[in-house]
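Participant: Build me a model from this:
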Amino acid sequence: MSPNSDNPLVTEDDAVPVETDAVHRALLGDAEALSEHLRLLRLKFFPPASLKQLRKFTTTEAARLIGVSDSYIRKLRLGEGLEPDKGTGGKLLYTLAQINDIRQILSEGRDRSFFPRRQASEHLQVLTVANFKGGSGKTTTAAHLAQYLSLKGYRVLAVDLDPQGSLSALFGYQPELDVAENQTLYAAIRYDEERRPLRDVIRPTYFEGLDFVPAALELQEFEHTTPMHMNPQSGAAVEDLFFARVSTALETVQADYDVVVMDCPPQLGFLTLSALCAASGLIVTVHPQMLDVSSMAQFLYMTSDLLRVVHGRGADLHYDFLRYLVTRFEPHDGPQTQVVALMRNLFGERVLTNAMLKSTAVSDAGLSKETLYEVAREKFVRQTYDRAIESLDLVNSEIEGLMHRAWGRKR
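Facilitator: Just a heads-up that it's a prediction; the model follows:
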């Protein structure tokens, strides 16, 4: 390798170890270059003057979301402000807010399933999506689940617990630019006088009924500060201990939501453990490869041991359900189908009946930091889009059914 004065990792003598300062400068330079490139991409797709917005829905899509026929929607007499816009060719287009207004109208004096928000007697659902191996589809699962439930009419809070902020990026936030200090969940669970109410860091999104708590690197501080507050002789109340802090924060806003969806970091640290302790439902994402399944075994061992320990310290653990979700599944891949069959044989009904299929439509939408629920069907090969959206809907509907069962509802 020839010397290059512009590259801090290249020295005059290859045998000379690279100094820490040079590595620091190289990593910082790369981070700044990448951050600037991402900023320019965001300006291209979502300039400041036009913040990220949710598209409008055709009559067919609106009818499917509400659960009625196209003709029924067309015959409805809607009041002022509820009339849909007209697109090209006279096509009617509805906003999600208008769809929710129609749900409200239909639910008055009729079946409440048109507007499925939880009743006073039904507890807040806290769905934690976890696995400590990267690439298992956690963020994709959490994003599509939160948006699906919002599209169905629930009041949803999505929480990004991963300091890397992948879920935040999907919701249009670049953590190092858009999330200032003390504007993540860390603000509500920290131990010092800078602690803030969770309500102060919740942000509305472009999905009606879906709010969001973004992530940033400051979340990692919880991993560093928690050990200093774990002295068993401290005499702290249970709600002040690390494993109860997320749950305690969520309790302050539970009246505003039907369901919380939390995306955990790909590690079993204090953040993930706190999210596990706050959960009413746990979804473990699994890519059906033997290496991933082997890794999951270690995750389950560690999670079991840690939950047993915190339960012994007073944690109130109550799960309505635990499910394994097969992600990025290719049905025609022989080894993958064998792995899925093994999981179903071992875990039975704890493996969700439906799997999230691997699809180029999901990855293509991700190029512009969008989900499949945000993009219009005409932007894709229709067969590819329909196959992917059907897979997502089946998975999310199955999870919705588990919520209903926990609430004692009949579907």
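Participant: C-alpha from now on. contacts and neighbour counts both.
Facilitator: Will do.
Participant: What confidence value was assigned to the closest residue to residue 135 other than its chain neighbours?
Facilitator: Spatial nearest neighbour of residue 135, excluding adjacent residues (C-alpha to C-alpha, 6 or more residues apart in numbering): residue 287 at 7.7 Å. Here the pLDDT value assigned to residue 287 is 91.
Participant: burial measure for residue 287, as a count.
Facilitator: Neighbourhood size, residue 287 [other C-alpha atoms under 10 Å]: 24.
Participant: Then residue 70?
Facilitator: As a burial measure, residue 70 scores 15 neighbours (other C-alpha under 10 Å).
Participant: pLDDT weak spots in this structure?
Facilitator: 1-28, 31, 38, 41-51, 77-82, 109-112, 231-239, 411 (pLDDT under 70).
Participant: Return the residues in contact with the residue nearest to residue 135.
Facilitator: 135, 136, 137, 293, 326, 327, 328, 329 (C-alpha atoms under 8 Å, 6 or more residues apart in numbering).
Participant: can you list these in CSV and add distance to residue 348?
Facilitator: Shown next, in CSV, are the contacts of residue 287 (distance: C-alpha to C-alpha, whole Å):
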residue, distance to residue 348
135, 24
136, 20
137, 21
293, 16
326, 13
327, 17
328, 20
329, 18
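Participant: out of those, which are inside helices?
Facilitator: Those of the contacts of residue 287 mapping onto helices are residue 293, per DSSP state H.
Participant: Distance of the residue most central in space within the chain relative to residue 149?
Facilitator: Centroid-nearest residue in the chain, with C-alpha atoms, centre = their mean: residue 142, separated by 2.7 Å. Taking C-alpha to C-alpha, to the nearest Å as the measure, residue 142 falls 11 Å from residue 149.
Participant: Please look at residue 252 and residue 198 and confirm they touch.
Facilitator: Yes: between residue 252 and residue 198 there is a contact under C-alpha atoms under 8 Å: 7.4 Å.
Participant: These two: who's more crowded?
Facilitator: Using other C-alpha under 10 Å, the more surrounded residue of residue 252 and residue 198 is residue 198, with 22 against 12.
Participant: Could you find the closest non-adjacent residue to the more buried one?
Facilitator: Closest residue to residue 198 apart from its sequence neighbours, by C-alpha to C-alpha, 6+ apart: residue 188 at 5.1 Å.
Participant: I'd guess the one you found is in a strand, am I close?
Facilitator: No: with DSSP: H, G, I helix; E, B strand; the rest coil as the criterion, residue 188 is assigned helix and is not in a strand.
Participant: quick one: contacts for it?
Facilitator: Residues near residue 188 by C-alpha under 8 Å, 6+ apart: 195, 196, 197, 198, 246, 249.
Participant: do you know how far residue 186 is from residue 162?
Facilitator: Distance from residue 186 to residue 162, counting by C-alpha to C-alpha: 11 Å.
Participant: list residues touching both of those two?
Facilitator: residue 219.
Participant: Quick check: residue 67 vs residue 200, distance?
Facilitator: Taking C-alpha to C-alpha, one finds residue 67 at 35 Å from residue 200.
Participant: got it, and residue 253?
Facilitator: Noted for residue 253: a distance of 11 Å to residue 200, by C-alpha to C-alpha.
Participant: tell me which residues in the strand or helix carrying residue 304 are buried?
Facilitator: Counting by DSSP states H and E, the element that carries residue 304 is helix 290-312. Residues of helix 290-312 classed as buried by neighbour count (16 or more other C-alpha atoms under 10 Å): 292, 293, 296, 299, 303, 307, 310.
Participant: And for stretch 176-187?
Facilitator: 176, 179, 182, 183, 184, 185, 186, 187.
Participant: hmm, who's touching it?
Facilitator: The contact list for stretch 176-187, computed with C-alpha under 8 Å, 6+ apart, reads 35, 159-161, 173, 194-198, 201, 213-216, 218-219, 221-222.
Participant: The same query, at a cut-off of 7 Å, please.
Facilitator: Under the contact criterion C-alpha atoms under 7 Å, 6 or more residues apart in numbering, stretch 176-187 has outside partners 195, 196, 198, 201, 213, 214, 215, 216, 219, 222.
Participant: Quick check: of the residues you listed, which lies closest to residue 380?
Facilitator: residue 214 (29.2 Å; C-alpha to C-alpha).
Participant: Could I get the phi/psi values of the closest one?
Facilitator: phi -80, psi 170 (degrees, to the nearest 10).
Participant: burial of it, as a residue count?
Facilitator: Residues near residue 214, counting by other C-alpha under 10 Å: 29.
Participant: State the distance from it to residue 390.
Facilitator: According to C-alpha to C-alpha, residue 214 and residue 390 sit 28 Å apart.
Participant: Thank you kindly, that will do.
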